[in-house]
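Return a 3D structure for these sequence lines:
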Amino acid sequence: MITNDDGISAPGLMALHEIASAIAGEENVWTVAPAFEQSGVGHCISYTKPMLLTELDPRRFAVDGSPADCVLAGLFEVMKDNPPDLILSGVNRGNNAAENTLYSGTVGAVIEAAMHQVKSIALSQYFGPDNRDLDDPFEAARASGEEVVRRLYEEAPWHDGPYELFYNVNFPPCSGAQVQGTKAVTQGWRADTEFTIDPHTINNRRFLFIQGGPQDQPTEPGSDVHANLQNFVSVTPMRADLTAHQSMAQLQKVFA
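Reported below is the predicted structural model:
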């Protein structure tokens, strides 16, 4: 099953459909994606309102909800009699590396899938001067996506704890021919790229626009953005357990 947060008509979802079809066969790929763009919604679900589910074509459904809603709709309605072996989310227009991971609806979908013990991978395409003006800015994703997904599905660790692993993949901001390979890395941190507010007064009403920071700031070596800016595909293992395990011993002493 494939989904995204850019909406069911997004070009990145078409790239993901090609990747999924190359792996599983087109007749085995189901699409359950948001009817409209849901970027930045993270792992939210429509807990207080119902969702409209619309079948657009055979095996292609639009959900009036978030990416996590789409996963729930896929698992418990659309594919309830034939659950998916793998859920792919993306290919996002823009990177979901470093701190962007925490806001991402693309990643939110795979968190929800992992919570239902379904193998899941988020895929995002970094944009930059070397690919944003290409006829196909998703070249890197198309060139490397099938191999990365196939190797993760067949060879990577998955079921190793109550909070299942999932994977966050970011394709570099370059053409397909410029991709240097794939690296397993940690989630990074970019300085001075946090979201801020840009206020405007329009017709005597105050509007607040959210602004992001520059995306070309490197992270530490061995982390996602650093690899991407070197034209490598980054692969980061993740789980939804937010416990800071390295701090537990010290905290336990505080409350001993």
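
Okay, strands next: where are they in the stretch 151-256 of the chain?
With DSSP state E, counting those that start in this stretch as the criterion, the stretch 151-256 of the chain has strands at 166-171, 181-184, 196-202, 205-211, 232-238.

Gly12 is in contact with Ala141, correct?
Yes. If you go by CB atoms under 8 Å, Ala141 and Gly12 touch, sitting 7.5 Å apart. Heads up, the C-betas are built off the backbone N, CA and C, glycines and all.

Overlap of the contact sets of the two?
90-91, 125 (CB atoms under 8 Å, 6 or more residues apart in numbering).

possible to save the residues you listed as JSON lines with pLDDT, neighbour count and distance to Trp30?
Formatted as JSON lines, the shared contacts of Ala141 and Gly12 follow (pLDDT from 0 to 100; neighbours: other CB atoms under 10 Å; distance: CB to CB, whole Å):
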{"residue": "Gly90", "pLDDT": "97", "neighbour count": "35", "distance to Trp30": "15"}
{"residue": "Val91", "pLDDT": "98", "neighbour count": "31", "distance to Trp30": "17"}
{"residue": "Gln125", "pLDDT": "98", "neighbour count": "28", "distance to Trp30": "22"}
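
Among the residues you listed, name the ones in strands.
When the shared contacts of Ala141 and Gly12 are checked against strands (DSSP state E), the matches are 90-91, 125.

Pull the number of nearby residues for the closest residue to Pro129 other than its chain neighbours.
Leaving aside its chain neighbours, Pro129 sits nearest to Pro173 (7.6 Å; criterion: CB to CB, 6 or more residues apart in numbering). Neighbour count of Pro173, defined by other CB atoms under 10 Å: 23.

To Leu86, which of the strands of the stretch 151-256 of the chain lies closest?
Smallest distance to Leu86 across those (CB to CB): 10.8 Å, for strand 166-171.

Walk me through which strands that closest one pairs with, and which way each runs.
strand 119-125 (parallel), strand 232-238 (antiparallel) (DSSP bridges).

Just the CA atoms of the last one, as CSV, please.
What follows is strand 232-238 as a C-alpha-only set of coordinates in CSV (Å, rounded to 0.1, in the frame of the first residue of the first chain):
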residue,chain,number,x,y,z
PHE,A,232,24.0,10.0,-0.9
VAL,A,233,20.7,8.5,-0.2
SER,A,234,20.2,8.4,3.6
VAL,A,235,18.5,5.6,5.5
THR,A,236,17.7,6.0,9.1
PRO,A,237,16.1,3.4,11.4
MET,A,238,13.5,4.8,13.7
